[in-house]
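Asker: sequence-free structure coming up:
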Ligand SMILES: Nc1ncnc2c1ncn2[C@@H]1O[C@H](COP(=O)(O)OP(=O)(O)OP(=O)(O)O)[C@@H](O)[C@H]1O
Ligand SMILES: [Mg+2]
């Protein structure tokens with residue numbers, strides 16, 4: 001590990017309590033510039049809650065988040081100008097066309113019209129998007145997701161947060177997203193993505209943190225995780241750490 005590797009996201013003892021539910025329990029980790037950090041965990045583990053705290057959408061019960069050295073809650077505008085967030089269920093304006101939405105986002109972030117047009121046409125070509133003149137209300141789930149991706153990637157954020165980015169994308173678009181993220185990390189971008197799909201974490205991420213019931217149970221490169229558990233496949237590691245040993249019992253009893 002290089003000592004000069006810049007930590008672009010730092011989560012310090014992040015905690016979120018919803019009423020009687022401890023959704024995230026004192027989670028600490030960091031994301032380096034130039035890497036894709038995968039946050040892997042089963043349904044309800046606390047992935048989305050963590051991502052929402054990292055991006056300043058949800059106030060933690062306790063703990064801190066720094067992005068490029070700035071406190072997310074003390075410097076919200078400065079942080080939001082350098083991050084891009086792709087939520088799992090993007091809120092989009094149904095009565096705008098895709099292009100109107102992109103122009104709206106571009107104006108919020110003071111993008112030059114010529115830069116916007118250039119980036120949008122490049123990304124539209126990559127994701128085979130030919131529906132920007134249609135109303136968002138008529139989009140399928142995958143179409144909405146692609147529009148959201150374009151609206152984020154066109155801004156060239158320094159840090160990207162993606163919540164289950166490949167859900168809803170067809171295989172080709174998922175592959176293109178993977179290649180694009182790799183290209184951006186080579187340019188120094190840090191990526192934090194959540195997934196509950198093992199293969200995605202395995203194929204896309206440089207380091208993986210496994211979260212279960214609000215706790216970060218293990219973290220490392222795939223190789224480190226294998227050494228740690230003495231098991232070969234990430235599936236075995238994941239199931240072991242997230243209590244999947246009962247699966248056989250459950251299936252047998254059905
Ligand atoms: N706004 C909220 N109010 C109350 N409870 C919440 C809220 N948001 C999340 N939770 C609870 O926090 C826990 C973690 O939820 P979270 O959405 O972070 O899980 P996740 O890991 O993203 O799951 P999935 O893989 O299904 O997306 C769950 O028990 C959920 O019910
Ligand atoms: Mg989620």
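Answerer: Cool, the structure landed. This one's a predicted model, so the numbers in the text were calculated from it and none came from an experiment. Ligands and ions are numbered 1, 2, ... in the order given.

Asker: And for residue 33, the neighbour number?
Answerer: Residue 33 has 18 neighbouring residues, counting by other Cβ atoms under 10 Å. C-beta coordinates here come from the backbone N, C-alpha and C atoms, glycine included.

Asker: pLDDT score assigned to the residue nearest to it when sequence neighbours are not counted?
Answerer: The spatially closest residue to residue 33, leaving aside those adjacent along the chain, is residue 6, at 4.2 Å (Cβ to Cβ, 6 or more residues apart in numbering). If you check residue 6, the pLDDT there is 93.

Asker: So residue 6 is in contact with residue 31, correct?
Answerer: No. The criterion here is Cβ atoms under 8 Å, and residue 6 misses it with residue 31 at 9.9 Å.

Asker: and these two? which has more neighbours close in?
Answerer: More crowded of residue 6 and residue 31, by other Cβ under 10 Å: residue 31, with 27 against 14.

Asker: Is the more buried one part of a helix or strand, or is it coil?
Answerer: Here residue 31 is strand, with the state taken from DSSP: H, G, I helix; E, B strand; the rest coil.

Asker: Name whatever forms a beta bridge with the closest residue to it other than its chain neighbours.
Answerer: Distances taken as Cβ to Cβ, 6+ apart put residue 9 closest to residue 31, at 3.9 Å, once the chain neighbours are dropped. Beta-bridge partners recorded for residue 9 (DSSP bridges): residue 31, residue 67.

Asker: For residue 9, list the residues it contacts.
Answerer: Counting by Cβ atoms under 8 Å, 6 or more residues apart in numbering, residue 9 makes contact with 30, 31, 37, 54, 65, 66, 67, 159, 190, 192.

Asker: Just flag the most distant two among those.
Answerer: Pairwise distances across the contacts of residue 9 (Cβ to Cβ) peak at 14.7 Å, for the pair 37 and 66.

Asker: more crowded one of the two?
Answerer: residue 37 (22 against 19).

Asker: In contact with that one, which residues?
Answerer: 9, 29, 31, 190, 191, 192, 193, 205, 206, 207, 208, 209.

Asker: Restricted to strands, list these.
Answerer: Here DSSP state E is the test, and the contacts of residue 37 give 9, 29, 31, 190, 191, 192, 193, 207, 208, 209 as lying in strands.

Asker: what would those look like in JSON lines with pLDDT and distance to residue 108?
Answerer: Shown next, in JSON lines, are the ones in strands among the contacts of residue 37 (pLDDT from 0 to 100; distance: Cβ to Cβ, whole Å):
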{"residue": "9", "pLDDT": "98", "distance to residue 108": "23"}
{"residue": "29", "pLDDT": "98", "distance to residue 108": "30"}
{"residue": "31", "pLDDT": "98", "distance to residue 108": "25"}
{"residue": "190", "pLDDT": "98", "distance to residue 108": "22"}
{"residue": "191", "pLDDT": "98", "distance to residue 108": "22"}
{"residue": "192", "pLDDT": "98", "distance to residue 108": "22"}
{"residue": "193", "pLDDT": "97", "distance to residue 108": "24"}
{"residue": "207", "pLDDT": "96", "distance to residue 108": "32"}
{"residue": "208", "pLDDT": "94", "distance to residue 108": "33"}
{"residue": "209", "pLDDT": "95", "distance to residue 108": "31"}
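
Asker: Going by secondary structure, the residue nearest the centre of the chain is in what exactly?
Answerer: Residue closest to the mean C-alpha point of the chain, counted by Cα atoms, centre = their mean, is residue 162 at 2.2 Å. Taking DSSP states H and E as the criterion, residue 162 maps to strand 159-163.

Asker: now the helices: where do they sit in the stretch 151-254 of the chain?
Answerer: Assigned by DSSP state H, counting those that start in this stretch, the helices in the stretch 151-254 of the chain fall at 171-186, 198-204, 222-229, 234-241, 246-253.
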